[in-house]
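[1] With the input below, show me the fold.
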Amino acid sequence: MRIATWNINGLRARLDFVLAWLAERSPDLVGLQELKMTDDKFPHDDFRAAGYQAVSHGQKSWNGVAVLAPVGAELEVTQEGLPDQTDFGSRLLTVQSRGISFTTVYCPNGKNLEHDDYKRKLAWFDSLASHFARTRDAATPTVLCGDFNICPSPLDSWNEEAMHGDIFHTDAERTRIQALFDWGFDDLYRSLHPDGTDFSWWDYRGGAFHKKQGLRIDFVLATAPLVARTTALTIDREWRKKKGELTASDHAPVFADLSG
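    Model (predicted):
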């Protein structure tokens with residue numbers, strides 16, 4: 001079984017790119033972030049023609065999340081939006097599929113340490129941790145994946161020395177994601193690659209991708225029953241590259257392969 005996450009940075013601009021990736025990688029469950037469209041505009045017919053069904057929690061011009069699964073697979077929405085944080089936009093969607101509780105999130109960016117959104121980002125993460133503590137059991141197969149907009153450790157930044165204490169690199173942000181680990185999630189990449197220095201996001205500007213000046217901010221987190229089944233975790237750098245006339249997102253897809 002292959003589960004994946006991808007911040008696509010606008011589905012209108014990236015639809016053909018995403019469809020090409022689906023055809024090549026054949027994932028079984030995909031969380032998408034940053035749709036930048038309302039639910040009534042979601043291209044269900046295009047995905048269905050490619051063999052996938054979808055559920056979405058969209059928003060005009062901003063945010064938005066969706067989950068894809070093959071046509072015919074179970075795909076039951078169990079949570080739409082993070083309770084008490086709806087004013088921060090459409091950022092969370094949970095489904096039940098193939099015995100897994102699967103949540104995709106587009107976590108707030110925070111902008112900078114002086115911006116009000118930074119404090120709101122920390123509060124949003126507090127709500128996320130509380131939501132899982134109240135509603136989920138870490139002993140059950142559970143996935144939380146998406147764009148977290150945090151580098152959990154110095155290994156996850158191309159320049160920790162210069163950026164420590166800045167947005168994505170603060171102790172306060174790292175404490176928030178640690179709360180999710182303390183609840184029972186493991187970062188599948190870090191579990192398999194304890195010393196890895198791969199990244200999932202690169203700025204479009206300044207040749208950052210080719211200079212390897214990136215951040216690892218896109219994760220597949222899972223509870224122990226799924227950690228035990230995980231055989232591989234791939235940050236799909238090949239799909240951060242332009243394909244013909246199709247322009248990539250600034251994020252690479254991330255996918256995990258599970259046995260069984």
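[2] switch to C-alpha atoms for all contacts and neighbour counts from now on
    Fine.
[3] Can you name the residues in contact with stretch 117-134?
    82-85, 107-112, 172-173, 176-177, 179-180, 183 (C-alpha atoms under 8 Å, 6 or more residues apart in numbering).
[4] Just the buried ones among those, please.
    Leu82, Gln85, Cys107, Pro108, Asn109, Gly110, Glu173, Arg176, Ile177, Ala179, Leu180, Trp183 (16 or more other C-alpha atoms under 10 Å).
[5] Turn those residues into a markdown table, columns for secondary structure, distance to Gly31 and pLDDT.
    Listed next are these as a markdown table, based on DSSP: H, G, I helix; E, B strand; the rest coil; distance: C-alpha to C-alpha, whole Å; pLDDT from 0 to 100:
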| residue | secondary structure | distance to Gly31 | pLDDT |
| --- | --- | --- | --- |
| Leu82 | coil | 16 | 97 |
| Gln85 | coil | 20 | 96 |
| Cys107 | coil | 13 | 98 |
| Pro108 | coil | 16 | 98 |
| Asn109 | coil | 18 | 98 |
| Gly110 | coil | 21 | 98 |
| Glu173 | helix | 22 | 98 |
| Arg176 | helix | 21 | 98 |
| Ile177 | helix | 19 | 98 |
| Ala179 | helix | 22 | 98 |
| Leu180 | helix | 18 | 98 |
| Trp183 | helix | 21 | 98 |
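[6] between these, which is nearest Glu34?
    Cys107 (9.9 Å; C-alpha to C-alpha).
[7] Next one: the closest one relative to Phe219, how far apart?
    From Cys107 across to Phe219, the span is 11 Å (C-alpha to C-alpha, to the nearest Å).
[8] what residues are shared contacts of the two?
    Counting by C-alpha under 8 Å, 6+ apart, the residues touching both Cys107 and Phe219 are Gly146, Asp147, Phe148.
[9] Specify the beta-bridge partners of the first one.
    This points to Gly146. Using DSSP bridges, the bridge partners assigned to Gly146 are Val105, Phe219.
[10] List the contacts of it.
    Gly146 touches 5-7, 31-33, 104-107, 218-220, counting by C-alpha under 8 Å, 6+ apart.
[11] Ser101 belongs to a helix, doesn't it?
    No: counting by DSSP: H, G, I helix; E, B strand; the rest coil, Ser101 is not found in a helix; it is strand.
[12] Verify the stated contact: it with Leu93.
    No: using C-alpha atoms under 8 Å, Ser101 and Leu93 do not qualify as a contacting pair, with a distance of 10.5 Å.
[13] Compare these two (neighbour count), which wins?
    Each of Ser101 and Leu93 has its neighbours counted (other C-alpha atoms under 10 Å); Leu93 has more, 28 against 19.
[14] Identify the spatial nearest neighbour of the more buried one, chain neighbours not counted.
    Spatially, and ignoring its direct neighbours in sequence, Leu93 is nearest to Glu80 (4.8 Å; C-alpha to C-alpha, 6 or more residues apart in numbering).
[15] Same question for Pro225.
    Pro141 is the one closest to Pro225 (C-alpha to C-alpha, 6+ apart), at 5.5 Å.
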